[in-house]
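In: I'll drop the sequence and a predicted model, then ask my questions.
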Amino acid sequence: MYRVLIAESDKTWNYEIAQALKTENCLQVYQSGEYYFSFYKMEFLKGNRRVELSKAEQRLLQLLVGNRGFTLPGKELTARLREEDLWCTDEATLSEAVRMLRDKLEDDPDTPRYIKTVYGIGYTWADGRSFRACCR
């Protein structure tokens, strides 16, 4: 079952969403299973293979893994990425960014295990294993 964050309106962020999106500022290192992501060093590994990510992909990944266990609404992700002057300006470009991220990180991008779409709501990082997150 997913925990879902939903905005009260298009213009007002729900307090829970704002708090959840703030927590990713703490996340600098994510390590679980075959994945190792160092957002501080901008180093992303899947197994022993280095994965090159664009700035928008890095930020999207950081938001997703930093809020693991929550479904982040597409509108809120788009707004956050737009605020940071990344190229995700609407939900269509967000979908494209998610697709490109899946292509780089998932074994089978058409049947993703980690970057899940919760239809009609948004996206979640669905790694059920425990992980190590280090604040800096």
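Out: Noted; the coordinates are in hand. Numbering: from 1, shown residues only.

In: which secondary structure elements does the biggest helix by length in the chain contact?
Out: Longest helix of the chain, by residue count under DSSP state H: helix 91-105. Where contact means 3 or more CB pairs under 8 Å, 6 or more residues apart in numbering; DSSP states H and E, helix 91-105 is packed against helix 55-66, helix 74-83, strand 115-118. The way it works is simple: take the backbone N, C-alpha and C, and place the C-beta from them, glycine included.

In: make a markdown table from the ones you listed and add distance to Leu105 to it.
Out: Converted to a markdown table, those look like this (distance: least, CB to CB, whole Å):
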| stretch | distance to Leu105 |
| --- | --- |
| helix 55-66 | 8 |
| helix 74-83 | 17 |
| strand 115-118 | 7 |
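
In: would you list those in TSV and tack on mean neighbour count?
Out: What follows is the helices and strands packed on helix 91-105, written out as TSV (neighbours: other CB atoms under 10 Å):
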stretch	mean neighbour count
helix 55-66	21
helix 74-83	18
strand 115-118	18
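
In: mean pLDDT and distance to Val98 for the ones you listed - can I get that in TSV?
Out: Shown next, in TSV, are those (pLDDT from 0 to 100; distance: least, CB to CB, whole Å):
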stretch	mean pLDDT	distance to Val98
helix 55-66	90	7
helix 74-83	87	9
strand 115-118	93	6
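
In: for Asp107, find the nearest of these.
Out: strand 115-118 (11.9 Å; CB to CB).

In: and the contacts of that closest one?
Out: Applying CB atoms under 8 Å, 6 or more residues apart in numbering, the set of residues contacting strand 115-118 from outside is 2, 4, 64, 71, 98, 101-102, 105-106, 123-126.
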